[in-house]
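Peer 1: 3D, please:
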Amino acid sequence: MKKATFFAAAIAILGFTSLNAQAQEQAQTQGQQTEQVQEQGNRELVTQDQLPEAVQNALKSDVYKDWTVGEIHKITPEEGAANAEVVYEIKLTNAEGQEGVVRMNEKGGAAESEKE
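Peer 2: Next up, the predicted model:
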């Protein structure tokens, strides 16, 4: 009985350690993504009504019909940037609670990602 209790406690500790490591890794990844976006230009929180008509129409299309729009950021490139297009970063959530991010240009198309 003592062995089973010890074994269960050891598994629980390993599980908590694994969850903590995953959370730290995820936080680090999100921090890196935020730094990359900040390097790309200025971020401004906007509403869905402030989006260009082409982006609004793209969000109404069948592709995104099962998704709910969340936060929207308008990313304006720095002066003299090689990729000088405005990008809209749109967070989406579906009925199952899955989250995703779509990056669109002002024409409602996929935004070009920077080549590394």
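
Peer 1: Could you list the low-confidence segments of this protein?
Peer 2: When residues are selected by pLDDT under 70, those of the chain lie in 1-41, 81, 83, 113-116.

Peer 1: where along it do the strands fall?
Peer 2: Ranges of strands within the chain are 41-46, 67-77, 87-94, 99-105, based on DSSP state E.

Peer 1: For the shortest one, name the packing helices and strands.
Peer 2: Contact here means 3 or more CB pairs under 8 Å, 6 or more residues apart in numbering; DSSP states H and E; on that basis strand 41-46 packs against strand 67-77, strand 87-94. Every C-beta, even on glycine, is put in place using the N, C-alpha and C of the backbone.

Peer 1: Just checking: what are the partner strands of the first one?
Peer 2: Looking at strand 67-77 with DSSP bridges, its paired strands and their directions are strand 41-46 (antiparallel), strand 87-94 (antiparallel).

Peer 1: now the angle from it to strand 99-105?
Peer 2: In terms of direction (axes from the mean of the first three to the mean of the last three CA atoms, to 10 degrees), strand 67-77 departs from strand 99-105 by 50 degrees.
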